[in-house]
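Visitor: Please work out how this folds:
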Amino acid sequence: AHYKKIIKEVRASLRKVYGLFRTQEQELKRKELVEEMLSSPARLKTISQSILNTHSSTRERLPFYEKLYAAIFKITGKPATILDLGCGINPFCIPLMNLAKLNYYAYDLSEDEIETLNQFFDYLHTQNSSFTGTAGILDVQHWVKLPDLGKVDVCFLFKMTDVLDRGKGHKVTELVIQNVPARYVVLSFPTHTMSGKKMNVPQRNWVEWMCKRLGYPFQVLEFATEIL
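Guide: Here you go, the predicted model:
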């Protein structure tokens, strides 16, 4: 009975931290779409959107993806280097960023997704020699490794704080933010639950308090299902 209880709790934790948005069927579909993209350069943007549609977190951004990046880059300026931590399949939105020259570094825990992203990055480089991208395995909770990643203009931490902190305060998120070698860090939070129900208190006041305490200037951007 104890064994079964431990297994149940470990699986529940892993689903929350790692597998909440991932299914084998979705990963197979993404691989098929990437293969289709390789043979259809003219449909790069369309197929990228189809790939983003296979993931619950990126699917809900599709109606405002381009507006989201336009709003971010209005604050940061057009970045030459981007670091995407806990990236999932968010890098497939690169064609929606409207950046001619870019170095993109993406990190996550899924080997399958990292392999597919590197394939995608290589393809983007063949279409635009001013683009380079690298994807790798990294547990963002190991924040001491972050300074070694190299300086970047912007770092994305989309919907990562709950994963980092796991309901135990916000110290890990704070350490990650302090150690990310970026001029700007973009945090995002969902305004709806996984079931689609609107959250009662989507605003994360602790982030603003933390920024004020650390002396970090900040701005808030609000979209239909996400706050940045």
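
Visitor: Can you name the residues that contact Leu124?
Guide: Contacts here follow C-beta atoms under 8 Å, 6 or more residues apart in numbering; on that basis Leu124 touches 94, 131, 133. C-betas here are computed from N, CA, C, even on glycine.

Visitor: Correct me if wrong, but the first one is in a strand.
Guide: No. If the criterion is DSSP: H, G, I helix; E, B strand; the rest coil, then Ile94 is helix and not within a strand.

Visitor: For this structure, just list every one of the helices.
Guide: Assigned helices in the chain, in chain order: 2-14, 24-38, 44-52, 56-59, 65-76, 111-127, 161-165, 171-179, 205-214 (criterion: DSSP state H).

Visitor: got a list of contacts for the second one?
Guide: I take that to be helix 24-38. 43-44, 47-48, 50-51, 54-55, 89, 112-113, 116, 119-120, 123.

Visitor: quick check, nearest of those to Ala70?
Guide: Ser48 (16.9 Å; C-beta to C-beta).

Visitor: neighbours around the closest one, how many?
Guide: Per other C-beta atoms under 10 Å, the neighbour tally for Ser48 reads 23.

Visitor: is it true that it touches Asn90?
Guide: No. The criterion here is C-beta atoms under 8 Å, and Ser48 misses it with Asn90 at 11.1 Å.

Visitor: neighbours of Pro181, just the number please.
Guide: Pro181, neighbours per other C-beta under 10 Å, totals 14.

Visitor: Could you do Tyr104 as well?
Guide: The number of residues packed near Tyr104 is 23, by other C-beta under 10 Å.

Visitor: Show me what it bridges to in the sheet.
Guide: Beta-bridge partners recorded for Tyr104 (DSSP bridges): Ile82, Gly133.

Visitor: What pLDDT does the model give it?
Guide: Tyr104 is assigned a predicted lDDT (pLDDT) of 98.

Visitor: Please apply the same query to Glu25.
Guide: Reported pLDDT for Glu25: 75.

Visitor: which sections of this structure are below the confidence cut-off?
Guide: 13-24, 192-203 (pLDDT under 70).

Visitor: What's the biggest strand in it, counting residues?
Guide: Longest strand of the chain, by residue count under DSSP state E: strand 182-190.

Visitor: helices and strands around that strand, which ones?
Guide: helix 65-76, strand 152-158, helix 171-179, strand 226-227 (3 or more C-beta pairs under 8 Å, 6 or more residues apart in numbering; DSSP states H and E).
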